[in-house]
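# this one's structure only:
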């Protein structure tokens, strides 16, 4: 096996040479402002249908990819519901109990202006629960015009890629006067099964359509906004999960109000979404030979929420006071199209209501010394209706599980408190020292609390185990400290961070001890299930981004990411953490064209979870090339090649194949990364 250093050195040497041979650049700008990283994507060269993949451009971030549209953000080792996600100020809980539709999948990259990652400990004012971090997706908008005359802009784009014959077509039109503004946008995209050097990933096809409309009205110091989004995902493979997407249809509505006057700024928003989802284990992948094993899961999520925040600025102090809430109700019914009598009520009106209040201050304590202090209280109410299913009518263990669940007091209330303190010390115009401490909390998800029958409805864990929930779970409580600096010199910019996080009552699958659950799994021919439980966990690591300006036209840039996660109660590593990785890019920016070459290296991942049956993976290295050319002021043509060397590798965060009948990948084999991929993008603005 090659060492990490032996893989890295040839790629570092390759970067300058490759740039001289190719006219390529990836136009994704990452802008850093101390505690945030903003990925500017309004004019970016984006071809992946999975918006979450953009997060790999930010320090500390990565993606657990369960399918072409099902990327789950990971930040410093935490992922899933531990990462708070806002879509133009709107929150939602996915319709899929296995997170085939994570929140960020409702943000189409082609229609975004930026993707903002809050680096390190997220402010308490950003989102309700952010124990693992926070992300904001911001759609491209147009400001109000300076006069009553109509001003308008438009954007049409088309992309294509070879690795899956993927196509994307989209566009937007924005018009405004000094009092009104209107935005219309539409997107359609599709792709076939993806290729890797050893064959095809089955199934990994996808299809999705989306339509947006937004209207704003300004009256003096008052602004009103109304937005509507319809998203329709069709046949889409998720090879790391036990089922594939038949459809995901959703409507998202929001109404916003903004008031600005002198020292005061008030933002208020109410929002809701109705999401419907159906998945199967037979319509895209090879169906089970026994018709009795066919399964279809029909699910839904109903979300209603609000947020109001008032910001007061006086001299060198800014205060933010607010309240927010999110009420989500989930249903999940499993059936068999070959047997109308078979059913399982997996989740029945499982409710999660969160109501929070917060206060935050940002102050200039002294010359060169700035601070942020925040305090939040969240009340989380959860409940679920009674369940049933054919197995509980025929199999005594399932009957025992159903009766125990239905007879239990399923109502729970958690009282959670978050606190954040940060300090920045400006040593001079170039160097700033940073220190932050925080306490963050998260209550269990409805899957972790109310999964009554051993199944794989686990929020996208994709470890292959059946799980049961635990009504008695306690909230997670994390205490974190981070230290670092920001250096912004004339040529060199770098921002390293060290972090350490101690999590009490971390929710993790452990070997199940319920005799009925173990017996039911054995009768169904499955391994012993895991059960969600509270354990203790530790996370620590280092991340950094940096840039070095070589000349007026050339620059070097890179990332370094390292995270470890361990159980603190037993000798085991935590599941599905990104291995150490680094990247190095060389960019050239001309007057109307640019080019780039990038080397990405991932180390071996030997620190894996024995509890989750996780497999070790070997390291790998990739080379990507890209280029753009502004033909004129309206038209941009961009092209590139990802994985130029057609490296065959296993992406540690991609999970394992759950599909039978693929001659190129055996069930249980680690899913490979994509092969060489050429792509083209056209952007026309008018």
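Looks like it came in fine. What you see is a predicted model, and the numbers here were worked out from it, not measured in a lab. Residues are numbered from 1 along each chain as shown.
# bridged to the most centrally placed residue in the chain, which residues?
Centroid-nearest residue in the chain, with Cα atoms, centre = their mean: residue 73, separated by 2.9 Å. In this entry, residue 73 is beta-bridged to residue 63, by DSSP bridges.
# from residue 522, how far out is it?
Noted for residue 73: a distance of 36 Å to residue 522, by Cβ to Cβ, to the nearest Å. Placement of C-beta: from N, CA and C, glycine included.
# give me the average confidence score over the biggest strand by length in the chain.
As assigned by DSSP state E, the longest strand anywhere in the chain is strand 339-366. The average pLDDT within strand 339-366 is 97.
# quick one: contacts for residue 90?
252, 254, 269, 271, 273, 305 (Cβ atoms under 8 Å, 6 or more residues apart in numbering).
# ok, it to residue 228 distance?
11 Å.
# just residue 488 next, same as before
Using Cβ to Cβ, residue 488 is found at 41 Å from residue 228.
# how about residue 607?
Using Cβ to Cβ, residue 607 is found at 45 Å from residue 228.
# the two: which has the busier surroundings?
residue 607 (17 against 13; other Cβ atoms under 10 Å).
# still on that earlier bit, what do residue 90 and residue 228 both touch?
In contact with both residue 90 and residue 228: residue 252, using Cβ under 8 Å, 6+ apart.
# still on that earlier bit, the longest strand of the chain: what's the following helix or strand?
strand 369-383 (DSSP states H and E).
# helices and strands around whichever helix or strand comes after that following strand, which ones?
Using DSSP H and E, the helix or strand that directly follows strand 369-383 along the chain is helix 390-394. The helices and strands touching helix 390-394, judged by 3 or more Cβ pairs under 8 Å, 6 or more residues apart in numbering; DSSP states H and E, are strand 339-366, helix 396-407.
# one more pass at 10 Å, please.
Packed against helix 390-394 by the contact rule (3 or more Cβ pairs under 10 Å, 6 or more residues apart in numbering; DSSP states H and E) you find strand 317-336, strand 339-366, helix 396-407, helix 515-523.
# in TSV: these, plus mean neighbour count and distance to residue 625.
Listed next are the helices and strands packed on helix 390-394 as TSV, based on neighbours: other Cβ atoms under 10 Å; distance: least, Cβ to Cβ, whole Å:
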stretch	mean neighbour count	distance to residue 625
strand 317-336	19	43
strand 339-366	17	42
helix 396-407	18	55
helix 515-523	18	49
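# now do the helices in the stretch 1-150 of the chain.
Taking DSSP state H, counting those that start in this stretch as the criterion, the stretch 1-150 of the chain contains helices spanning 4-21.
# circling back to that earlier point, what's the most distant pair in the contacts of residue 90?
Within the contacts of residue 90, two members stand farthest from each other by Cβ to Cβ: 269 and 273, at 13.1 Å.
# quick one: which of the two has more around it?
A direct count of neighbours by other Cβ under 10 Å for residue 269 and residue 273 places residue 273 higher, at 24 against 20.
# the more buried one touches residue 327, doesn't it?
No. In this structure residue 273 lies outside contact range of residue 327 using Cβ atoms under 10 Å: 11.4 Å.
# between these two, which contacts overlap?
Common neighbours of residue 273 and residue 327, using Cβ atoms under 10 Å, 6 or more residues apart in numbering, are 93, 302-305.
# one step back: so what does the longest strand of the chain touch, helix or strand wise?
strand 296-314, strand 317-336, strand 369-383, helix 390-394, helix 396-407, strand 412-426, helix 446-450.
# now mean pLDDT and distance to residue 652 too, for the ones you listed, in CSV please.
Listed next are the helices and strands packed on strand 339-366 as CSV, based on pLDDT from 0 to 100; distance: least, Cβ to Cβ, whole Å:
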stretch, mean pLDDT, distance to residue 652
strand 296-314, 97, 27
strand 317-336, 98, 29
strand 369-383, 98, 32
helix 390-394, 96, 35
helix 396-407, 98, 34
strand 412-426, 98, 31
helix 446-450, 98, 23
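# among those, which comes closest to residue 600?
Using Cβ to Cβ, the nearest of those to residue 600 is strand 412-426, at 30.7 Å.
# list the buried residues of that closest one.
412, 414, 416, 418, 420, 422, 424 (16 or more other Cβ atoms under 10 Å).
# ok, now which ones touch residue 205?
67-68, 164-166, 190-194, 234-237, 244-245, 284.
# repeat that for residue 130.
Counted by Cβ under 10 Å, 6+ apart, residue 130 has contacts 75, 78, 82-85, 118, 121-124, 376, 418, 420, 438, 440-442.
# so residue 282 makes contact with residue 243?
Yes. Counting by Cβ under 10 Å, residue 282 does reach residue 243; the two are 8.9 Å apart.
# quick one on the thing from earlier: filter the contacts of residue 130 to the buried ones?
By 16+ other Cβ under 10 Å, those give 75, 78, 82-85, 118, 121-124, 376, 418, 420, 438, 440-442 as buried.
# measure residue 377 to residue 303 for me?
If you go by Cβ to Cβ, the gap between residue 377 and residue 303 works out to 21 Å.
# what about the helices and strands packed on strand 339-366, which gets the closest to residue 662?
strand 296-314 (21.4 Å).
# residue 638 versus residue 680, what's the distance?
Applying Cβ to Cβ to residue 680 and residue 638 gives a distance of 7 Å.
# look at the two and report which has more neighbours.
Between residue 680 and residue 638, counted using other Cβ under 10 Å, the more crowded position is residue 638 (26 against 15).
# which SSE is that one in?
Under the criterion of DSSP H and E, residue 638 resides in strand 635-642.
# which intervals of the protein have sub-threshold pLDDT?
By pLDDT under 70, the low-scoring segments of the chain are 1-34, 42-45.
# 50 - rerun?
Residue ranges of the chain with pLDDT under 50: 1-28, 32.
# residue 561 - nearest residue in space that isn't next to it in sequence?
residue 543 (4.8 Å; Cβ to Cβ, 6 or more residues apart in numbering).
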